[in-house]
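In: Take this sequence and fold it.
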Amino acid sequence: RFAGETADLSNILFRNFIYNQYTLGVKKKIDYGNYQMDFGIGLSFLQIINQQDISTKTSSLYTSQDGDTLVLNYDLTYNTAREGANTFFQRNGLGASGDFHLGFMNNNKWKLSIDMSDVGYMYFRSSPVNYTAAKSIQFRGIVIPDLLHFTPQTFDTLNLDSAIRSYLPTKSNNQYSLFFPFTVAVVFSKPVMHDRLVLNFGMQYRHLPKYYMYGFIKANYFIKPDMVFSVSGGAGGYSWFNLGVEFDKRWKYFDLALGTSNLLGLVLPNHYTGAGLYLRLGSCF
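Out: Numbering: from 1, shown residues only. Got it, this is the predicted structure:
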């Protein structure tokens, strides 16, 4: 749909993390009469399998109406922990992170929770690959001298390899490191209707570029003690408004949850951003 127009590719940021996380933590609850306090800490070792980090500055792509000309201007940086396929236990980087929790309660009448998750750092040094470039390219196709007479010399004169390589970014193998995209959340909870309904009011911040503070209200309705239906509404993050739903069912040793944090983006992706659907399985023993 961009034929005859210029597509703006500026200020793009893409990050993908593939890692194994091994965590050890402790949690403690203290009673002060009618009030209780609980706090916990967890420390994690991160075994990085792979990671991709792509960012652009001023970049654009023009495609002529007939599709015979491309004009590309790009300022690109691309880092990856490893090129090619990888295995589950491959160690292409190392890292460490921490989780912190602090909660205050008043005999289950209300609760205030403060959580910090995945505060950490990762380092890539085994086999990193980097691509960088700031170039302007005008590509008008490749001219074949004679369509009726092909010889080995026909393709020798094209110099395809050297032409394509001149357009590509510069490759290097420099080590690099990143802070983990941690999350900070503050949530106030209040049970009503004889604990059948729990109202939650919260604020959340994620360490991501151009991520706005996210505020939300969430209502958990207990259909049964082991079955919960939740509805949430919030604003911030990467969209103006999020409407979420979740269904949770617990058994003696298992927990199953299905939901979305943005129902509108899931149902109408062409009109709302932030589509997402999650399925969570848990076990307690």
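In: How about the helix or strand containing residue 14, which residues are buried there?
Out: For residue 14, the element it lies in under DSSP states H and E is strand 13-32. The neighbour-count check on strand 13-32 (16 or more other CB atoms under 10 Å) flags 17, 19 as buried. For the C-beta atoms, the positions are set from N, CA and C on the backbone; glycine is no exception.
In: do stretch 118-125 as well
Out: Neighbour counts over stretch 118-125 (16+ other CB under 10 Å) mark 118, 119, 120, 122, 123, 124 as buried.
In: Could you do stretch 88-107 as well?
Out: By 16+ other CB under 10 Å, the buried positions in stretch 88-107 come out as 90, 92, 93, 94, 95, 97, 98, 99, 101, 103, 104, 105.
In: Output those in TSV; the columns should cover secondary structure, distance to residue 168 and pLDDT.
Out: TSV is the format used below for the buried residues of stretch 88-107 (DSSP: H, G, I helix; E, B strand; the rest coil; distance: CB to CB, whole Å; pLDDT from 0 to 100):
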residue	secondary structure	distance to residue 168	pLDDT
90	coil	27	76
92	coil	23	87
93	strand	25	89
94	strand	30	92
95	strand	30	94
97	strand	35	96
98	strand	40	96
99	strand	41	96
101	strand	47	96
103	strand	53	95
104	strand	56	94
105	strand	59	93
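In: ok, so of the residues you listed, who is nearest residue 279?
Out: residue 99 (22.3 Å; CB to CB).
In: hang on, the earlier thing: tell me the strands beside the strand holding residue 14, with direction?
Out: Sheet pairing of strand 13-32 (DSSP bridges) gives strand 35-56 (antiparallel).
In: May I have the strand it pairs with exported as PDB, CA atoms only?
Out: Provided in PDB are the C-alpha atoms of strand 35-56 (Å, rounded to 0.1, in the frame of the first residue of the first chain):
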ATOM      1  CA  TYR A  35      -1.700  -5.300  61.000                       C
ATOM      2  CA  GLN A  36       0.600  -7.600  59.100                       C
ATOM      3  CA  MET A  37       3.600  -7.100  56.900                       C
ATOM      4  CA  ASP A  38       5.200  -9.500  54.400                       C
ATOM      5  CA  PHE A  39       8.400  -9.000  52.400                       C
ATOM      6  CA  GLY A  40      10.300 -11.200  50.100                       C
ATOM      7  CA  ILE A  41      13.400 -11.300  47.800                       C
ATOM      8  CA  GLY A  42      14.400 -13.500  45.000                       C
ATOM      9  CA  LEU A  43      17.700 -13.700  43.200                       C
ATOM     10  CA  SER A  44      18.100 -15.200  39.700                       C
ATOM     11  CA  PHE A  45      20.900 -16.400  37.500                       C
ATOM     12  CA  LEU A  46      20.200 -15.800  33.800                       C
ATOM     13  CA  GLN A  47      21.500 -18.200  31.100                       C
ATOM     14  CA  ILE A  48      21.100 -16.300  27.800                       C
ATOM     15  CA  ILE A  49      20.400 -18.500  24.800                       C
ATOM     16  CA  ASN A  50      19.900 -15.700  22.300                       C
ATOM     17  CA  GLN A  51      19.000 -12.000  22.100                       C
ATOM     18  CA  GLN A  52      18.200  -9.500  19.300                       C
ATOM     19  CA  ASP A  53      18.400  -5.800  19.600                       C
ATOM     20  CA  ILE A  54      17.400  -3.700  16.600                       C
ATOM     21  CA  SER A  55      17.100   0.100  16.500                       C
ATOM     22  CA  THR A  56      16.800   2.800  13.800                       C
END
